[in-house]
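Trainee: Sequence and computational prediction follow.
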Amino acid sequence: VNVSAMKESPTSEAGIQAAIAAKSAPTMSENINRGFAAQLSDSKALVPLDTLDGFQDIVKSRSMTNTIEPWRFADSHQYVLPIYSNAMLFGWRLDTLKELGYSEPPKTYSEILELTKKLKAKYGDKKFLWAKADLADPTAWKRWFDFYMLYDAASNGNKFIEGDKFTGVDKAGLDVLTFVDSLRKENGLLARQVTDPFENGVGTFVDVGPWTFTTWAEKYPELKYNVNYTLTMPPVPDDVDPADSKTFADTKGLVIY
């Protein structure tokens, strides 16, 4: 068995598509999200895993009967064996919030806009609510970690696409985009390259995944949970109960070509 790293230039998806076109596809690969798997299955590039002997034994032995059900595709086949599902959260700088008179992070759009006004009044251009260069990057997958996190919270976890049908909730999408635009109008966004803006206190609010904490432990050991930062579910529109907030999960799995 030969195992090699997946090329990521320009993206791992592009590398796989190029390999398929050149008739040199790997036998299998991991780190495949459901959306890309749908493209591959539409191209007849993948083996339906549920047609393989022993597949159901794997599902049963891993106690993932319920986990794998939402991964079922429109043709009723399973093309991806889920490997992980990482729920994304938002981090808040508790030290900055406390300096502004807050004991906990705000939970709704209007509360965040109020905080942003206080932040800018106190710090001017030294601090921003959300400092992240990716906000101005059009690369599609980067929307997973800003738009989709907020959209999932605003839409009660709407699936956006069912099979080959768009099922998005227009109001939720408009609420999210209006909220972000309101932050822009208040000069609460910094969408240019700054070295680790949240970690260095320039940003107050940031999307985080499980991989974030390894980096923080190595580079920023002074960051302590519930001391100078905390974690929350995504904020919600004013007409949504924060207790009902949902979030995006970065889910990847294994496929066979």
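Mentor: On my side now, so go ahead.

Trainee: So which residues of the stretch 51-200 of the chain form strands?
Mentor: 81-87, 89-93, 130-131, 161-162, 165-166, 189-190 (DSSP state E, counting those that start in this stretch).

Trainee: Out of those strands, name the one with the poorest average pLDDT.
Mentor: The minimum mean pLDDT among these belongs to strand 161-162 (a mean of 80).

Trainee: Please produce a markdown table containing the strands of the stretch 51-200 of the chain, extended by mean neighbour count.
Mentor: For glycine as for every other residue, the C-beta is placed from the backbone atoms N, C-alpha and C. Converted to a markdown table, the strands of the stretch 51-200 of the chain look like this (neighbours: other Cβ atoms under 10 Å):
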| stretch | mean neighbour count |
| --- | --- |
| strand 81-87 | 15 |
| strand 89-93 | 22 |
| strand 130-131 | 23 |
| strand 161-162 | 12 |
| strand 165-166 | 7 |
| strand 189-190 | 20 |
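
Trainee: Any chance of JSON lines for the ones you listed, columns distance to Val202?
Mentor: Listed next are the strands of the stretch 51-200 of the chain as JSON lines, based on distance: least, Cβ to Cβ, whole Å:
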{"stretch": "strand 81-87", "distance to Val202": "25"}
{"stretch": "strand 89-93", "distance to Val202": "10"}
{"stretch": "strand 130-131", "distance to Val202": "5"}
{"stretch": "strand 161-162", "distance to Val202": "36"}
{"stretch": "strand 165-166", "distance to Val202": "37"}
{"stretch": "strand 189-190", "distance to Val202": "7"}
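
Trainee: nearest to Glu8, of those?
Mentor: strand 81-87 (17.5 Å; Cβ to Cβ).

Trainee: For the closest one, what is the distance to the chain centroid?
Mentor: Averaging C-alpha positions (Cα atoms, centre = their mean, to the nearest Å) puts strand 81-87 12 Å from its chain's average.

Trainee: Against Ser182, how distant is Thr251?
Mentor: Taking Cβ to Cβ, to the nearest Å as the measure, Thr251 falls 30 Å from Ser182.

Trainee: Tell me the buried residues in stretch 211-218?
Mentor: Of all the residues in stretch 211-218, those buried under the rule 16 or more other Cβ atoms under 10 Å are 212, 216.

Trainee: Now do it: everything it contacts.
Mentor: Residues outside stretch 211-218 that contact it (Cβ atoms under 8 Å, 6 or more residues apart in numbering): 91, 199, 223.
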